[in-house]
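have a look; sequence and predicted model below, questions after that.
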Amino acid sequence: MDRHLELVAETGGLRLDKFVSEKDPELPRVRVRALIEGGQITLNGRQVKPSHLVKTGDCIEVTIPPPPPSDIIPEAIPLRIIYEDNDLAVIIKPAGLTTHPAPGHPGGTLLNAIVSLYPELSEAEGDRPGIVHRLDKDTSGLMVIARSRRAQAALSDQFKRREVTKVYLVLVKGRVEPTAGIIDAAIGRHPGTRNKMAVTESGREARSQYLVAKYFRHYTLLEVRIFTGRTHQIRVHFSAIGYPVVGDETYGVRSEIFPRQFVHAHRLKFKQPSTGAILEFTSELPPDLAAPLSRLV
């Protein structure tokens, strides 16, 4: 059944798509734009563009059709859940699990698993219900999952505003000096290899901050905080400054010691969407990284 809203602008100056999205946090802005372009959101009875500026006293009518059913197939894939409430869950993603279906990976993903765990997500809008951020397939560690459209919008907004703290444990080849620093270098598509990323002037802003946690004879263990979420950001940034990630066969160096890229999402901090309380979680290294690391000198 369609849902209807009638809104009156108390102040002017906002774009219509932003105005409606702010009035109904369950409606992501991209969805609002589609409704405006489809004639399901009108201003004073007229169809206008999403960029139209709202004036004081304008009347906005919104018709929201029910979302199409999700075509994500639930799969009973075991997940380690370390926190859960009515809005969200925090899990530890194992290495080897892709975050969501993509060409070449139609199933067996984290998204298939969480739709099985939380069937209400099957009714949610969009092709990635519950997903508010992602980890590379061979990266392990903390992820937060939204359990409602409202929580998904609120958490996505925190990521967009860079209010979420994300810290990774990363082992790189070489002795990183100085012991702390910031890599501020834009990342975009690799100019010669389509499925790779690279530091490039035409890319999007990307910022990583590191702190040396421990030196080994040939390696450095780092705590890396990322302020942006570009594809392969940590691996690309450290490769670019000459300290490739150990076990990363795409940008780094192969390893006879570690079975996969040494990147683990170690700490995660954000606001609980309903209460505003700060939630903070820590995940220690899994055995496939911790055991070989303990043998390094």
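Received the coordinates, thanks.

so what's Asp58 closest to, chain neighbours aside?
Ala9 (4.5 Å; C-beta to C-beta, 6 or more residues apart in numbering). C-beta here means a position set from N, CA and C on the backbone, and glycine is covered the same way.

wait, the one you found touches Leu53, no?
No - using C-beta atoms under 8 Å, Ala9 is not in contact with Leu53, being 10.1 Å away.

more neighbours: which of the two?
The neighbour comparison of Ala9 against Leu53 (other C-beta atoms under 10 Å) goes to Ala9, with 18 against 13.

now do the helices in this structure.
Using DSSP state H, the helices of the chain run over 16-23, 29-37, 110-117, 149-160, 233-240, 287-294.

touching the last one from outside, list them.
Just to be clear, that refers to helix 287-294. 95, 140, 169, 171, 221, 257-260, 262, 264, 284-285 (C-beta atoms under 8 Å, 6 or more residues apart in numbering).

can you select the buried ones among those residues for me in PyMOL?
A single PyMOL command selects the buried members of the contacts of helix 287-294 (16 or more other C-beta atoms under 10 Å):
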select buried, resi 95+140+169+171+221+258+260+262+264+285
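
mind picking the two most distant members of the contacts of helix 287-294?
Ile257 and Glu284 (18.9 Å; C-beta to C-beta).

what's the mean pLDDT across stretch 289-297?
The average pLDDT within stretch 289-297 is 96.

quick one on the thing from earlier: now the residue nearest to Asp58: how far from Lys18?
Distance of Ala9 to Lys18, given as C-beta to C-beta, to the nearest Å: 12 Å.

got the angle for the helix or strand bottoming out on mean pLDDT in the chain vs helix 16-23?
Every helix and strand of the chain was ranked by mean pLDDT, DSSP states H and E. The lowest is helix 29-37, at a mean of 84. Here the directions of helix 29-37 and helix 16-23 differ by 120 degrees (axes from the mean of the first three to the mean of the last three C-alpha atoms, to 10 degrees).

hmm, who's touching helix 29-37?
Contacts of helix 29-37 (C-beta under 8 Å, 6+ apart): 16-18, 20-21, 27, 41, 47-50, 62-64, 125-126.

nearest residue to the middle of the protein?
Nearest residue to the geometric centre of the chain (C-alpha atoms, centre = their mean): His133, 1.5 Å.

surely that one and Ile145 touch.
No - the criterion here is C-beta under 8 Å, and His133 misses it with Ile145 at 9.6 Å.

which residues touch the residue nearest to Asp58?
Counting by C-beta under 8 Å, 6+ apart, Ala9 touches Phe19, Val54, Lys55, Thr56, Gly57, Asp58, Ile60.

nearest to Glu177, of the residues you listed?
Phe19 (50.4 Å).

quick revisit: so how far is Val62 from the residue nearest to the centre of the chain?
From His133 to Val62 the distance is 28 Å (C-beta to C-beta).

just the helices of the chain: most buried one?
Highest mean neighbour count among those (mean count of other C-beta atoms under 10 Å): helix 233-240, with a mean of 24.
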